[in-house]
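Trainee: Have a look; sequence and predicted model below, questions after that.
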Amino acid sequence: MMRKVRSYRLYVLAVLLGGASYGFVSPIVKVAYHKGFSATEVTSGQFYYAALLLWLIVLFQTRGKISLKTLSRVDFWRLLALGLLGTGTAVLYYRALTVLPAWLAIILLFQFSWMTFVLDYIVRRRIPTGWQWGGILLIVIGTVLANLHSQIGHHWSALGMFDGLMSGATYAAFLYINGHVQSPIKPFLRASLITSVSAVAVSAIYPPHVELFVAAWHGMWVYGLLIGLFSQAIPTSLFAVGVPHVGGSAAAILSSVELPIAVLLAAGLLHEQVSVIGWIGVLFIIAGIAVGQRQQRVA
């Protein structure tokens, strides 16, 4: 029993670290924008470079002997769906950021924390526990408080708000489906397949053009590699390890660690000013993660 508990905690840690890696993305994206690179270049680059990095790892890990014979047809379609949902989340969120203030866009994205439970209820009629409801409430309150330090006198685009909400919905679906994939292939190979689907999908939305190669020549490859690492390679691999064992609903709560990490990095690396209310919001989110996991048990 103790071994199962330790194993479960390792799976929880994997999901936490996967969620935390997303917190590094926003500061890197801001630096890339400051350097003059466009949202199209950033969005496309993160999938191209991540796919390249992951396949290099897979080739090294398997010594070039890759086999998908053990992958069932159902899991194949689930991996395809995960790749498309990952693309949808990135495209919708980055598009929302072009017309909405960052604090509002991330609030809309973070609605995935309760959307995943709605999906679980629709599909399996599973009602969240009291502790999970408490965790969701604390996370929502914390998300709002963590962003109240921003100015609210902005023009709120209806299309931008729709994009922000849909990015939360696609991410919720990503976590939920990820929690139901018990594929026999190794995590890095699974992550490579998902990211490759995302790379193909983003190419259909933003067809590759010569400017992408020019941007890479001028240093975009550095930011693309970092963004791809923290937004795709690390979280997709760690989620492949942990989410099937903790479940999509619990993963939604654990992944909320992204916002505290993003706030800490914004203050520490970008020297952005965060008010006392903002830090209180971060503490609410951390408390929500702890409370939401209170009743998680190993079967």
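Mentor: Perfect, I can see it now.
Trainee: which regions of the stretch 101-250 of the chain sit below the pLDDT cut-off?
Mentor: Counting by pLDDT under 70, the stretch 101-250 of the chain shows low-confidence ranges at 101-104, 146-156, 181-184, 209-218, 248-249.
Trainee: As a check, name the ranges of all strands in it.
Mentor: In the stretch 101-250 of the chain, no segments count as strands under DSSP state E, counting those that start in this stretch.
Trainee: can you pull out the helices in it?
Mentor: Secondary structure of the stretch 101-250 of the chain by DSSP state H, counting those that start in this stretch: the helices cover 102-109, 112-124, 130-145, 158-178, 187-205, 210-215, 221-228, 234-246, 248-254.
Trainee: The third one packs against which elements?
Mentor: Right, helix 130-145. Contacts defined by 3 or more C-beta pairs under 8 Å, 6 or more residues apart in numbering; DSSP states H and E place helix 130-145 against helix 102-109, helix 112-124, helix 248-254, helix 276-292. (C-beta placed from N, C-alpha, C; glycine too.)
Trainee: and the helices of the stretch 101-250 of the chain, which is most packed in?
Mentor: Mean neighbour count, computed with mean count of other C-beta atoms under 10 Å, is highest for helix 248-254 among the helices of the stretch 101-250 of the chain, reaching a mean of 28.
Trainee: so how far is it from its chain's centroid?
Mentor: 12 Å (C-alpha atoms, centre = their mean, to the nearest Å).
Trainee: returning to that earlier point: export the helices and strands packed on helix 130-145 as TSV, with columns for distance to F162.
Mentor: Compiled in TSV, the helices and strands packed on helix 130-145 are given as follows (distance: least, C-beta to C-beta, whole Å):
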stretch	distance to F162
helix 102-109	9
helix 112-124	14
helix 248-254	21
helix 276-292	25
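Trainee: So for I136, which of these sits nearest?
Mentor: For those, proximity to I136 was assessed by C-beta to C-beta; helix 112-124 is nearest, at 5.1 Å.
Trainee: tell me the angle of that closest one relative to helix 276-292?
Mentor: Computed with axes from the mean of the first three to the mean of the last three C-alpha atoms, to 10 degrees, the direction of helix 112-124 lies at 30 degrees from that of helix 276-292.
Trainee: C-alpha coordinates for helix 112-124, CSV please?
Mentor: Taking C-alpha atoms only, helix 112-124 is exported to CSV below (Å, rounded to 0.1, in the frame of the first residue of the first chain):
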residue,chain,number,x,y,z
PHE,A,112,-10.2,25.1,-17.5
SER,A,113,-10.0,24.4,-13.7
TRP,A,114,-13.7,23.9,-13.5
MET,A,115,-14.4,23.1,-17.2
THR,A,116,-12.7,19.7,-16.7
PHE,A,117,-15.1,18.8,-13.9
VAL,A,118,-18.0,19.7,-16.2
LEU,A,119,-16.6,17.4,-18.8
ASP,A,120,-16.3,14.6,-16.2
TYR,A,121,-19.9,15.1,-15.2
ILE,A,122,-21.2,15.1,-18.8
VAL,A,123,-19.3,12.0,-19.8
ARG,A,124,-19.3,10.0,-16.6
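Trainee: Determine the set of other helices and strands touching it.
Mentor: Packing partners of helix 112-124 (3+ C-beta pairs under 8 Å, 6+ apart): helix 130-145, helix 158-178, helix 248-254.
Trainee: so what's the closest residue to L13 other than its chain neighbours up against?
Mentor: Once flanking residues are discounted, L13 sits nearest to G242: 7.6 Å by C-beta to C-beta, 6 or more residues apart in numbering. The contact partners of G242, by C-beta atoms under 8 Å, 6 or more residues apart in numbering, come to 10-15, 18, 251.
Trainee: likewise V291?
Mentor: Counted by C-beta under 8 Å, 6+ apart, V291 has contacts 131, 134-135, 138.
Trainee: what does G142 give?
Mentor: 259, 280-288.
Trainee: Go again with 6 Å.
Mentor: For G142, the contacting residues are 281, 284-285, 288, by C-beta atoms under 6 Å, 6 or more residues apart in numbering.
Trainee: Setting the sequence-adjacent residues aside, check what's closest to it.
Mentor: G142 sits nearest to F284 (C-beta to C-beta, 6+ apart), 2.9 Å away.
Trainee: I figured the one you found hits L138, correct?
Mentor: Yes. With contact defined as C-beta atoms under 6 Å, F284 reaches L138; the gap is 5.1 Å.
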